[in-house]
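Chemist: Okay, here's the prediction I keep looking at, along with the sequence it came from:
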Amino acid sequence: MASSRNLTRFWEWGRKIICVGRNYTEHAMELKNTIPTEPVLFLKPSSAYVREGASVLIPYYSSNLHHEVELGLVIGKLGKAISQEAAMDHVAGYVLCLDMTARDIQEECKKKGLPWTLAKAFDTSCPVSDFIPKEKIPDPHNIKIWLKVNDKVRQESNTASMIFSIPYLISYISKIIALEEGDLILTGTPKGVASVQENDEMKAGIDGILSMKFTVRKQSH
Ligand SMILES: O=C(O)/C=C/C(=O)CC(=O)C(=O)O
Ligand SMILES: [Mg+2]
């Protein structure tokens, strides 16, 4: 039976946010990571969502918050162990996302062998754009995504540079975690990640499709 919920406002449903890391060679290299042979996965809670008009917060325990602009895949129907051939049938649309990352905390977690939750999953760590219907992006492996801070370009790349394709990611993830309507997959960030400061304005976009703006504020204790 079809859901009565509005998929174009999937962030209100409280479904899963599954993030892929190190999916662009030049970004893996800028952080001195090896190039992965399988996707690197982590999760964010739905409380991480933030929409234009609200601020992105620097967590009180971090002094190095990084932006990561990413293409997001909005899942339209339930699937487990989805084949690569069927994968695109499970995509209902797209969003532009920021995977906000407390890089100083992530470095500490990596050194201590701890999970990345404090670095990646805090409230406001997942700004999202309006929903983009699937038909508006006929080839998601050939779009330009970009991010500016205070009008200066920081990230600019084509999704053609992803290491693992979208069908591969959907197939790989769904063997481990069932994908449900309203889930979001972040496909990884290209190179150029860097710090933002209080009062900075982040503007990000997909060429020819949309753009979005967020202001950075400090979280009070
Ligand atoms: O391994 C690291 O140092 C950092 C990895 C990430 O933050 C991965 C991503 O979130 C990404 O590549 O988009
Ligand atoms: Mg990321």
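Modeler: Received the coordinates, thanks. Ligands and ions are numbered 1, 2, ... in the order given.
Chemist: Any idea how many residues pack against the residue nearest to residue 59 when sequence neighbours are not counted?
Modeler: The shortest distance from residue 59 to any non-neighbouring residue, by Cβ to Cβ, 6 or more residues apart in numbering, is to residue 122 (4.8 Å). In short, each C-beta sits where N, CA and C put it, glycine included. Counted with other Cβ atoms under 10 Å, the neighbours of residue 122 add up to 25.
Chemist: Kindly state the beta-bridge partners for the residue sitting nearest the centre point of the chain.
Modeler: By Cα atoms, centre = their mean, the chain has its centre lying nearest to residue 186, at 3.5 Å. Per DSSP bridges, the residues bridged to residue 186 are residue 19, residue 72.
Chemist: List the contacts of it.
Modeler: Shown in contact with residue 186 (Cβ atoms under 8 Å, 6 or more residues apart in numbering): 17, 18, 19, 20, 70, 71, 72, 97, 99, 126.
Chemist: and the second one, how far is that from residue 39?
Modeler: The spacing between residue 18 and residue 39, counted by Cβ to Cβ, to the nearest Å, is 10 Å.
Chemist: if I look at these two, which residues touch both of them?
Modeler: Shared contacts of residue 18 and residue 39, counting by Cβ under 8 Å, 6+ apart, come down to residue 173.
Chemist: Kindly indicate which of the contacts of residue 186 lies nearest residue 145.
Modeler: residue 71 (6.0 Å; Cβ to Cβ).
Chemist: what sits against the closest one?
Modeler: 94, 96, 97, 140, 143, 145, 159, 186, 187, 206.
Chemist: The second one against residue 202, yeah?
Modeler: Read that as residue 96. No: when contacts are counted by Cβ atoms under 8 Å, residue 96 is not listed as touching residue 202 (11.3 Å).
Chemist: give the contact list for the closest residue to ligand 1 within the chain.
Modeler: At 2.9 Å from ligand 1, residue 21 is the closest residue in the chain, using Cβ to the nearest ligand atom. If you count contacts by Cβ under 8 Å, 6+ apart, residue 21 has them with 39, 40, 41, 42, 188.
Chemist: separation between it and ligand 2?
Modeler: In this structure, residue 21 and ligand 2 are 5 Å apart, going by Cβ to the ion, to the nearest Å.
Chemist: Now the helix or strand of the chain with the lowest mean pLDDT: buried residues?
Modeler: One helix or strand of the chain scores below all others by mean pLDDT, DSSP states H and E: helix 25-30, with a mean of 92. The neighbour-count check on helix 25-30 (16 or more other Cβ atoms under 10 Å) flags 27, 28 as buried.
Chemist: Repeat that for stretch 167-174.
Modeler: So stretch 167-174, judged by 16+ other Cβ under 10 Å, has buried residues 167, 169, 170, 171, 172, 173, 174.
Chemist: Over to stretch 100-114?
Modeler: Buried residues in stretch 100-114 (16+ other Cβ under 10 Å): 100, 101, 102, 103, 104, 105, 106, 109.
Chemist: Report pLDDT for residue 2.
Modeler: As predicted, residue 2 sits at a pLDDT of 57.
Chemist: for residue 23, same thing?
Modeler: 97.
Chemist: Over to residue 146?
Modeler: Looking at residue 146, the pLDDT reads 98.
Chemist: ok, back up a step: among the contacts of residue 71, which lie within strands?
Modeler: 94, 96, 97, 145, 186, 206 (DSSP state E).
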